[in-house]
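Novice: Dropping the sequence and predicted coords here.
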Amino acid sequence: MNAKTQSILSYLGILWLVAFFGGKAQRSALSNYHLKQGFGLLLTALIVNIVSYVLISLVPALSIIISVIGLLFLILMVFGIINAVNEVKRPLPLLGKLFEDKFSFIEQ
């Protein structure tokens, strides 16, 4: 699996594991960058989803607002895939700067 494929798969949820374990030998700085961005996005989305399910169970009227937040994560995922296809190291809007220096286990 080449670096571009790893970079694209890193934004597709559970396929992040395929990108992480599937090509450790062929990993480049570009794929490491996108693996960090994708992992950060995945973790953030999971945390927001857990919190949103709790909030919806308490206040059902919030379901519309939480649906919009879910759409925001989909848009961020598309931005990440576009950056991976174009082979550029550009952080995700809103959240990407937070993930650039995190997750050092990815580079090993």
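Specialist: It's in.

Novice: Identify the residues contacting the one helix or strand Ile66 maps to?
Specialist: Assigned by DSSP states H and E, Ile66 belongs to helix 63-85. Helix 63-85 is touched from outside by 4, 7-8, 10-12, 34, 37-38, 41, 44-45, 48-49, 52, 55-56, 89-90, 92-95, with contacts defined as C-beta atoms under 8 Å, 6 or more residues apart in numbering. Where C-beta positions appear, they are placed from N, C-alpha and C, glycine not excepted.

Novice: In that helix, which of the residues would be classed as buried?
Specialist: Under the neighbour-count criterion of 16 or more other C-beta atoms under 10 Å, helix 63-85 has Ile66, Phe73, Leu76, Met77, Phe79, Gly80, Ile81, Asn83, Ala84 buried.

Novice: Check stretch 24-41 too.
Specialist: Residues 27, 30-41 are the ones in stretch 24-41 that count as buried (16+ other C-beta under 10 Å).

Novice: And those, which is closest to Glu107?
Specialist: The shortest approach to Glu107 among the buried residues of stretch 24-41 belongs to Asn32, at 5.4 Å (C-beta to C-beta).

Novice: how about the helices in the protein?
Specialist: Remark: helices assigned in the chain by DSSP state H are 3-9, 15-22, 29-58, 63-85, 96-99.

Novice: So for this structure, the centremost residue is which one?
Specialist: Gly38 (2.6 Å; C-alpha atoms, centre = their mean).

Novice: next one: phi and psi at the residue nearest to that residue when sequence neighbours are not counted?
Specialist: Leaving out its chain neighbours, the residue that sits closest to Gly38 by C-beta to C-beta, 6 or more residues apart in numbering is Ser10, at 3.3 Å. With angles defined as degrees, to the nearest 10, Ser10 sits at phi -70, psi -10.
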